[in-house]
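>>> quick check, what structure comes out for this input:
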Amino acid sequence: MEVKKQLVLREIAGDYALIPIGNTIIKNNGLFSLSETGARIWELLPQADGAEQLVDALLEEYDVDRETLSRDVDEFLEQLRQLEIL
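The predicted structure is shown next:
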């Protein structure tokens, strides 16, 4: 999946955030906080062709049912779209 903005993932004091680089601005005050799972999804985005591929990869790492994970991934991707990141 293609990410439209230049952002780097950073872990700061145990929390994860997407930090814009260069002239990139995020609608959310310049910072987008992520959960640990959100950070993992972000790391997987460049290799994934779609949400289903993300779900398949995450099912190997997390003890959760497919339906719940699929819903959570869809919600996360929608948030990225609303912020014009994805």
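>>> drop to CA atoms for contacts and neighbour counts, all remaining ones
Fine.
>>> show me where this structure has helices.
Under the criterion DSSP state H, the chain contains helices at 36-44, 51-59, 66-82.
>>> could those be laid out in a markdown table, adding mean pLDDT and distance to D15?
Listed next are these as a markdown table, based on pLDDT from 0 to 100; distance: least, Cα to Cα, whole Å:
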| stretch | mean pLDDT | distance to D15 |
| --- | --- | --- |
| helix 36-44 | 95 | 8 |
| helix 51-59 | 97 | 20 |
| helix 66-82 | 95 | 17 |
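>>> out of the ones you listed, nearest to L7?
helix 36-44 (10.2 Å; Cα to Cα).
>>> please save the CA atoms from the closest one in CSV.
Provided in CSV are the C-alpha atoms of helix 36-44 (Å, rounded to 0.1, in the frame of the first residue of the first chain):
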residue,chain,number,x,y,z
GLU,A,36,1.8,-0.9,19.3
THR,A,37,-0.5,-2.7,16.8
GLY,A,38,-0.9,0.4,14.8
ALA,A,39,2.9,0.8,14.7
ARG,A,40,3.2,-2.8,13.4
ILE,A,41,0.6,-2.2,10.7
TRP,A,42,2.5,0.9,9.7
GLU,A,43,5.7,-1.2,9.3
LEU,A,44,3.9,-3.7,7.2
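>>> that older thread, tabulate the helices of the chain in a markdown table, adding columns for mean neighbour count and distance to I21.
What follows is these, written out as a markdown table (neighbours: other Cα atoms under 10 Å; distance: least, Cα to Cα, whole Å):
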| stretch | mean neighbour count | distance to I21 |
| --- | --- | --- |
| helix 36-44 | 17 | 16 |
| helix 51-59 | 17 | 25 |
| helix 66-82 | 15 | 17 |
